[in-house]
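Trainee: generate coordinates for the sequence data below:
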Amino acid sequence: MLQRLTLLLGLLLPLIAHAAPKADYWAMWDAHNPDSQATFTHHSWQVLLDKYLQSQGQHTLFNYAAVTDDDKATLNHYIDMLTARDPRTLTKDEQYAYWVNLYNAATVKLIIENYPVSSITKLGGLFSFGPWDDDVVSVAGEPLTLNDIEHRILRPLWPDPRTHYAVNCASLGCPDLQPQAFQADTLDTQLEQAAYAFINSDKGVAKQGDRWVLSSIYDWFQADFGGDTQSVIAHINQYRDTALPKDARIDYDYDWDLNQPRD
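Mentor: Residues are numbered from 1 along each chain as shown. Model (predicted):
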């Protein structure tokens, strides 16, 4: 019986992975203070990015294996600092930077706590594909999952497809962790840079024979990129150095291996 269940799970998980959550508006978080003067420097997160991000080929990877106990404590302190603040008291731009950095930091923490692990999809319960529905933080007294942050807060409150280039799921197929922590006063520039880098990388768009292989992000979240294939192509061509043909024959792919340096 257990063998049958394991086999069935192996067949179902790839299907679950492609059933990406829809944006689900959560009214609780739809509040901000346009007059707020409060800012975050996100300095502690930047220190960790500077220390553990490594370029390898077209990828920017995180060296989870090298993180020291002191830096684990720094990461925990940074997350605690963020979650001690109610983001609804901030401006919209400060909120956006807050949520993106919190998502990325919490994801890194999950990997470090469970390292070594080959893929984030190995985390979570027996019948779950990854840890995205597990509570990871509590903000304003509300337990939150990574899916809550991405699909119930960021995507519905900021309907900007570039959010997909900002959040990182600790996988090779995902847009890289950006080298600079997101900051309210540089958001548009950072999001433009993230979009350009991903779309011009082989994990964003790649030519294979007579077909084009796009990241599965453009399949799972097609609605965020205009709702159809031609809208996805138009979005890509805003950033791509060499235009994707409008009649391109398209496949989708995604690499769930951990975004760590390889020997």
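Trainee: now stretch 221-238: average pLDDT?
Mentor: Averaging pLDDT along stretch 221-238 gives 98.
Trainee: that one: which residues count as buried?
Mentor: F221, Q222, D224, F225, T229, S231, V232, I233, H235, I236 (16 or more other C-beta atoms under 10 Å). All C-beta spots, glycine's among them, are computed from the backbone N, C-alpha and C.
Trainee: all strands for the stretch 1-150 of the chain, in order.
Mentor: 53-56, 59-62, 135-139, 142-145 (DSSP state E, counting those that start in this stretch).
Trainee: partner strands of the second one, with direction?
Mentor: As defined by DSSP bridges, the strand partners of strand 59-62 come to strand 53-56 (antiparallel).
Trainee: how about the longest one?
Mentor: According to DSSP bridges, the neighbouring strands of strand 135-139, each with its direction, are strand 142-145 (antiparallel).
Trainee: neighbouring contacts of stretch 25-38?
Mentor: 87-92, 94-95, 142, 148, 152-153, 156-157 (C-beta atoms under 8 Å, 6 or more residues apart in numbering).
Trainee: list the ones among those residues that fall in helices.
Mentor: Of these, the ones assigned to helices by DSSP state H are K92, E94, Q95, P156, L157.
Trainee: farthest-separated two in these?
Mentor: Greatest spatial distance among these (C-beta to C-beta): E94 and P156, at 18.2 Å.
Trainee: test my guess that R162 contacts E192.
Mentor: Yes. Judged on C-beta atoms under 8 Å, R162 makes contact with E192 at a distance of 7.4 Å.
Trainee: comparing these two, which residue is more hemmed in?
Mentor: R162 (20 against 14; other C-beta atoms under 10 Å).
Trainee: show the pLDDT at the closest residue to that one other than its chain neighbours.
Mentor: Counting by C-beta to C-beta, 6 or more residues apart in numbering, R162 lies nearest to L191, which is 4.0 Å off, once chain neighbours are set aside. As predicted, L191 sits at a pLDDT of 98.
Trainee: how about G130?
Mentor: So G130 comes in at 95 (pLDDT).
Trainee: do the same with L12
Mentor: Per the predicted model, pLDDT is 46 at L12.
Trainee: go on, L15?
Mentor: Predicted confidence (pLDDT) for L15: 43.
Trainee: quick one: low-confidence parts of the stretch 151-263 of the chain?
Mentor: Along the stretch 151-263 of the chain, the model assigns pLDDT under 70 to no residue.
Trainee: tell me where it has strands.
Mentor: Using DSSP E, counting those that start in this stretch, strands in the stretch 151-263 of the chain cover 205-208, 211-215, 250-253.
Trainee: save these as CSV, and put in mean neighbour count too.
Mentor: Below are these laid out as CSV (neighbours: other C-beta atoms under 10 Å):
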stretch, mean neighbour count
strand 205-208, 15
strand 211-215, 19
strand 250-253, 14
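Trainee: dump those strands into JSON lines; add distance to D50 as well.
Mentor: Output for the strands of the stretch 151-263 of the chain, formatted as JSON lines (distance: least, C-beta to C-beta, whole Å):
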{"stretch": "strand 205-208", "distance to D50": "29"}
{"stretch": "strand 211-215", "distance to D50": "27"}
{"stretch": "strand 250-253", "distance to D50": "31"}
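Trainee: right, and those - which one's nearest E113?
Mentor: Using C-beta to C-beta, the nearest of those to E113 is strand 211-215, at 27.2 Å.
Trainee: relative to that closest one, what are the paired strands and their orientations?
Mentor: Strand 211-215 has these strand partners (DSSP bridges): strand 205-208 (antiparallel), strand 250-253 (parallel).
Trainee: from the buried residues of stretch 221-238, which is closest to Q56?
Mentor: For these, the nearest to Q56 is I236 (24.1 Å; C-beta to C-beta).
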